[in-house]
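Student: model the structure of this input:
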Amino acid sequence: MFVLLLLSGLIGGASDWVLAPEEPDQFEVGFVMAEDPVALLLFIARTGWVPDGVHPDSLAMEIIRTDPSSARTAAWAARTAGYPLRTDMTPIPLEFGDVTLIPSLEEAVRSPLLIDAALRRMLHAYAEGGEPDSIPDMVALIASSWGFMSFESRGLALEALGKAGVDISGDISLDELLQAGLRASARYFSEIDVDHSYPIAGECLPLDRVYIASCAPDDETEFFLTDPLWAVRYTAAGACTASALAPLLMDAVPYVALRAAELRSAAGFQDGRQVIREMALTPGPVGHQAAALLGIEDSLLLTDLMGHPEPARRAAAQSAWLADSIDVRLEVARKWLTDPYWIIPVSWVWHLTETGDSLAAEEGIIVLLADQENYSDPEAVVFYADMLRSDLRNEEDDIQSPELSREWTSFELPFDPKEISADTAVIMTDEGPIEIELWNETAPVTAAAFAYLAGTGFYDGIAFHRVIPGFVAQAGCPEGAGTGGPGFELPAEPSLRSFQRGVVGMADSGLNTGGSQFFIMLDSHGRLDGRYTAFGRVTDASQLDCITVGTVIRSVTLR
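Tutor: Next up is the predicted model:
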C-alpha cells in the first residue's frame, strides 16, 4: 500500500521565523549578519531566494579568492543554490562544478585529491536524488589508481561503488580490496551481495561484525546467530536458512524474534506465523510491524486490531488487510473512513483511487472534506483529498508537493529560536544514556526545535521505530510508525557537516518538512551529506549499538 508522506500542519499563534526579505535589502539570516558574504551565500542556498544584484557563482568565486578557508563552503553553497562553479580539474570545482568530469590517470597521479573529489561528486549525486554520471569511467579510474590511493581514498571508493552496486572485484583482486580495511571491505561486499569470509569475526568491533555477518558464506552464517549484539543476529537471520532460525523466535530482543518469525513464516513454518500473531498484540513499534505481516487467515485478529488504542496499530492492520486483498465489507470501510487517525481514511480513499473504483473514491473524498475537523490532521486530509480528486478527474495537479517546494517565506514556530540555548542533550533510554552535542551554529533552528520539544517532554515515552543496522536509528514519531510529527514544520538547514557515525540529523519527507523525527547515524554515509540537516553528534558512539526498534526514550535532559 502506498506509504503516505508526513504532512504536519502549521500551528497558529506562534512566532514567525522569517527567512525571506521584508524589503529588498533587509532580511534575517538566523543568527548571523547578512553582511557576511559566506552567510549570505548560505542563506541563498538554504532558501532559494537571491537578492537583486547578487550573483551566487561570482560571490562564491570571490570568497574562494579572498578566504581559502571558506572555499569548500562557498562552492557547496553555490551548487546548492543552483549556481555551480565552472568545473575545473581542481578538487573543489571538480566536486561542486557545473558538469561532471572524471580525472585521467595522469591527472590523478599528479593530484590524488582529484580522485576523492570525483568520488564525493558521485555521492552528492545520490544525495540529490539522482544517479552519478560516468560510472564506468569512474570504475576504470579506481581500478587503475588503486595501487597509489591512500587508505582513506580506498574506503571512500568502496563507499561510492557500494552505493552504486558496482562489483569491481573483476578489476581488483579480493586481497587488494581488503587494503581498504576490514570494515570498508566487509560493508562493500555486503552491499554488492558478494560472499567473503573473515576468520577473525569473533574479535571484531560490533559494527564490523554486522557487515561480516551480512557477507559471510552460507556455511558460516549460523555462527552469528548467537552473537551478543542484536544487530548481528538480526543481520545473520536474513542470510541463514529459515530452518536454522527457530532459536531466534525466543530472542530477548523482540525485533530479532520478529525477523526470525517473518522468515520462518514465509518458508511455511507455522511457529513463525504464531509468533507474528502474538507479537501483533504487544505494544510499540515492533507490534505495529508484526500487525502489518498478518494475512487473510488472521482476519479476525485484524478486525480486533482495527479498534486498537494505538493509531499506528490500526493503520498496520489496514495495511495488512489491503495487502492481502481481503474483502472490504461496508462496515470495515465505514470504520476506516471515520477513524480519527488521518492516515487511515486517506489511505482507504487512496486505495479506491488506485484500484479504479472511482465512484467509491469520490464518495470517500466527500466524506473526508466534510469531516475534516474530526481527523487528527485536518490540513493533511484536505491536501490529499484535493490531490486525489485531481487524479480522479485526470486534471493537471497544481498542488505543490512539500518535497518539491522551495518557495517559502516563513515558518510559524511555537518557540523563538533566539531564546533557546542548550549545548548538550542527554537522551535517557531504557538501554542507557545517549549524550548529544548540539550544533547550534550549524543548524540553529533545528537544534532549538529539538531542545524546545525535549523541554516540553514531547520525546518522553516515544520509542525508536526504525533501526537499520549499519545505517540509522530513528525516533521522534508520537505514533511510532514514522508518520507523525509535532504539529509544525522546520526549514531545512543543510551544511557541509558530513553524516559520520554518531551524527544526529533531522528526518523529513522533503525540503522544509522536518519536525520532531531525528535519526542517529550508525555508520558513515556520505550520500546523505548536504541533503539533510545535521544538528548534533553523539559524544560516545559505542552507546549506539544497543538501540533497537522499540527502545524507549524515558526522558531528555538539557544543559
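Student: immediately after the helix or strand of the chain with the lowest mean pLDDT, which helix or strand?
Tutor: Least confident helix or strand, the chain: strand 15-18 with a mean of 49, by mean pLDDT, DSSP states H and E. Using DSSP states H and E, the helix or strand that directly follows strand 15-18 along the chain is helix 37-47.
Student: what's that following helix packed up against?
Tutor: Identification of packing neighbours for helix 37-47 by 3 or more CB pairs under 8 Å, 6 or more residues apart in numbering; DSSP states H and E yields helix 56-66, helix 71-80. (Each C-beta comes from the backbone N, C-alpha and C, glycine too.)
Student: make a markdown table out of those and add distance to residue 96.
Tutor: As requested, those are exported to a markdown table (distance: least, CB to CB, whole Å):
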| stretch | distance to residue 96 |
| --- | --- |
| helix 56-66 | 9 |
| helix 71-80 | 4 |
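Student: deepest of the ones you listed, which one?
Tutor: Ranked by mean neighbour count under mean count of other CB atoms under 10 Å, the helices and strands packed on helix 37-47 are led by helix 71-80, which reaches a mean of 24.
Student: what average pLDDT does stretch 528-540 get?
Tutor: Stretch 528-540 comes out with an average pLDDT of 95.
Student: buried stuff in it?
Tutor: The neighbour-count check on stretch 528-540 (16 or more other CB atoms under 10 Å) flags 528, 529, 530, 531, 532, 533, 534, 535, 536, 537, 538 as buried.
Student: so which of those would you say is closest to residue 558?
Tutor: residue 536 (11.9 Å; CB to CB).
Student: now that closest one. Its backbone dihedrals?
Tutor: Note on residue 536: backbone dihedrals following degrees, to the nearest 10 are phi -180, psi 180.
Student: can you pull out the low-pLDDT segments for the stretch 201-350 of the chain?
Tutor: Across the stretch 201-350 of the chain, nothing is flagged by pLDDT under 70.
Student: let's go with 80 and repeat that
Tutor: Scanning the stretch 201-350 of the chain for pLDDT under 80 picks out 201-203.
Student: ditto for the stretch 1-150 of the chain
Tutor: Across the stretch 1-150 of the chain, the ranges flagged by pLDDT under 80 are 1-35, 46-49.
Student: please redo it, this time with the cut-off set to 50
Tutor: Residue ranges of the stretch 1-150 of the chain with pLDDT under 50: 1-15, 18, 20-34.
Student: which stretches of the stretch 101-250 of the chain form helices?
Tutor: 105-110, 113-127, 135-145, 151-164, 174-177, 182-191, 206-215, 230-239 (DSSP state H, counting those that start in this stretch).
Student: quick one: residue 479 from residue 309, how far?
Tutor: Using CB to CB, to the nearest Å, residue 479 is found at 12 Å from residue 309.
Student: give me the distance between residue 49 and residue 495.
Tutor: Separation of residue 49 from residue 495 (CB to CB): 18 Å.
Student: that should have said residue 130, apologies.
Tutor: 20 Å.
Student: now do residue 67
Tutor: Counting by CB to CB, the gap from residue 67 to residue 495 is 17 Å.
Student: neighbour count winner among these two?
Tutor: Each of residue 67 and residue 495 has its neighbours counted (other CB atoms under 10 Å); residue 495 has more, 22 against 13.
Student: so that one touches residue 535, yeah?
Tutor: No: in this structure, residue 495 is not within contact of residue 535 by CB atoms under 8 Å, at 9.2 Å.
Student: so what sits against both of these two?
Tutor: Residues touching both residue 495 and residue 535 by CB atoms under 8 Å, 6 or more residues apart in numbering: 442, 443.
Student: so which of the buried residues of stretch 528-540 belong to strands?
Tutor: 533, 534, 535, 536, 537, 538 (DSSP state E).
Student: which of the residues you listed sit farthest apart?
Tutor: For these, the farthest-apart pair by CB to CB is 533 and 538; their separation is 16.1 Å.
Student: for stretch 245-254, output the C-alpha coordinates as CSV.
Tutor: This file holds the C-alpha atoms of stretch 245-254, laid out as CSV (Å, rounded to 0.1, in the frame of the first residue of the first chain):
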residue,chain,number,x,y,z
LEU,A,245,16.1,-19.7,12.9
ALA,A,246,13.9,-21.5,15.4
PRO,A,247,16.1,-20.5,18.4
LEU,A,248,15.7,-16.8,17.5
LEU,A,249,11.9,-17.0,17.9
MET,A,250,12.6,-16.7,21.6
ASP,A,251,15.3,-14.0,21.2
ALA,A,252,15.5,-11.4,24.1
VAL,A,253,15.2,-8.6,21.5
PRO,A,254,11.6,-8.6,20.1
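Student: tell me the buried residues in it?
Tutor: Buried positions in stretch 245-254, judged by neighbour count with 16+ other CB under 10 Å: 245, 248, 249, 251, 253, 254.
Student: same deal with stretch 295-303?
Tutor: Buried positions in stretch 295-303, judged by neighbour count with 16+ other CB under 10 Å: 295, 298, 299, 301, 302, 303.
Student: first to last residue in that stretch, what's the distance?
Tutor: The straight-line separation of the ends of stretch 295-303 (CA to CA, to the nearest Å) is 11 Å.
Student: how far away from the center of its chain is it?
Tutor: Here stretch 295-303 is found 31 Å from its chain centre; the criterion is CA atoms, centre = their mean, to the nearest Å.
Student: ok, now stretch 163-172?
Tutor: Here stretch 163-172 shows a centroid-to-chain-centroid distance of 25 Å under the convention CA atoms, centre = their mean.
Student: go on, stretch 415-426?
Tutor: So, by CA atoms, centre = their mean, the centroid of stretch 415-426 is 24 Å from its chain's centroid.
Student: show residues contacting it.
Tutor: Contacts with stretch 415-426, where a contact means CB under 8 Å, 6+ apart, come from 14-15, 17, 30-31, 433-438, 440, 444-445, 447-452, 454-455, 536, 556-559.
Student: so among those residues, which ones count as buried?
Tutor: Counted by 16+ other CB under 10 Å, those give 17, 30, 434-436, 438, 440, 444-445, 447-452, 454-455, 536, 556, 558 as buried.
Student: restricted to helices, list those residues.
Tutor: Among the buried ones among the contacts of stretch 415-426, the members falling in helices (DSSP state H) are 444, 445, 447, 448, 449, 450, 451, 452, 454, 455.
Student: residues contacting the spatially closest residue to residue 125 that is not a sequence neighbour?
Tutor: The shortest distance from residue 125 to any non-neighbouring residue, by CB to CB, 6 or more residues apart in numbering, is to residue 132 (3.9 Å). When contacts are counted by CB under 8 Å, 6+ apart, residue 132 touches 100, 121, 122, 125, 126, 138, 160, 164.
Student: which residue sits farthest out from the middle of this protein?
Tutor: residue 106 (38.4 Å; CA atoms, centre = their mean).
Student: look up how far residue 157 lies from it.
Tutor: Taking CB to CB, one finds residue 106 at 19 Å from residue 157.
Student: what about the residue lying closest to residue 525 once chain neighbours are set aside, how many residues close to it?
Tutor: Nearest residue to residue 525, sequence neighbours excluded (CB to CB, 6+ apart): residue 499, at 5.4 Å. As a burial measure, residue 499 scores 23 neighbours (other CB under 10 Å).
Student: pretty sure residue 499 sits against residue 520.
Tutor: No: contact criterion CB under 8 Å: residue 499 and residue 520 do not qualify, at 10.2 Å.
Student: mind listing what the residue nearest to residue 240 when sequence neighbours are not counted touches?
Tutor: Closest residue to residue 240 apart from its sequence neighbours, by CB to CB, 6+ apart: residue 221 at 4.7 Å. By CB under 8 Å, 6+ apart, the residues touching residue 221 are 213, 236, 239, 240.
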